[in-house]
Structure formats: C-alpha cells, structure tokens
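Undergrad: here you go, sequence then predicted model.
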Amino acid sequence: VYSKPSSEVLVSLVKSDKGEIMFEVSDKGIGILAEDQSKIFTEFFRSKNSDDLYAKGIGLSLFLCKKICDVCGYKISFESEEAVGSKFKVLFPSKK
C-alpha cells in the first residue's frame, strides 16, 4: 500500500459505447517519481520513494499485472505525480 491509512482509494468500472470496459484504481498516495515511471512494470523494480512508507514488497505486482494484460490482449496504463497520487487503468477490449 502506497497511501496513508486514512486516505481514499477509488475503484471504477465503466463500459463504453464500443463495448470496451475500463477498470480504474486511483489514490492520493505518494505517487511515482518521474524518473521511475518508465521502470514500474519491470520485474523486481521498486520506486525509490516506496521506502518512505516502509511499504513491503519485492517489485512483482505491477510486473505480473502487465504480463497478464499482455497475454490477454488488455491495455494497462497509468498516470502519476509525486506527492499527489496515481491512477492505474486496464482497458478490456470488446468481444467481437
């Protein structure tokens, strides 16, 4: 967890007119350092500021999420700003 215990985490699931489904998770946590953003889907990578919250982990969660999305044909993306928070999105394409 990269948010303070009292902070809010928002989860949404929206279906577009095209039948695509967008799953979003956003927080107002510590955010991801700009210099680390290109590496967050790398196996065993942990952002430098993750130690600020003493968050435990080994850097596999986002790596595995990305791998699953790639295999299944989903698109994963994120937006993040240090000290503001992050938003992760997974786009599930429509079934044809």
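TA: Noted; the coordinates are in hand.
Undergrad: centre of the chain to the host helix or strand of residue 14, how far?
TA: In this structure, residue 14 sits in strand 9-15 according to DSSP states H and E. Mean C-alpha position of strand 9-15 versus that of the full chain (CA atoms, centre = their mean, to the nearest Å) differs by 13 Å.
Undergrad: what does stretch 87-96 give?
TA: For stretch 87-96, the distance to the chain centre is 13 Å (CA atoms, centre = their mean).
Undergrad: any weak-confidence spans in this protein?
TA: Across the chain, residues meeting the criterion (pLDDT under 70) sit at 1, 51-55, 96.
Undergrad: just the helices in it please.
TA: Secondary structure of the chain (DSSP state H): helices at 61-72.
Undergrad: which strands and helices sit next to the strand holding residue 14?
TA: In terms of contacts (3 or more CB pairs under 8 Å, 6 or more residues apart in numbering; DSSP states H and E), strand 9-15 is packed against strand 21-27. Every C-beta, even on glycine, is put in place using the N, C-alpha and C of the backbone.
Undergrad: which residues does the strand it packs on contact?
TA: Defining contact as CB atoms under 8 Å, 6 or more residues apart in numbering, one finds that strand 21-27 is touched by 2-3, 7-16, 85-92.
Undergrad: what does stretch 67-85 give?
TA: Applying CB under 8 Å, 6+ apart, the contact partners of stretch 67-85 are 3, 26-34, 37, 40-41, 49, 65-66, 86-93.
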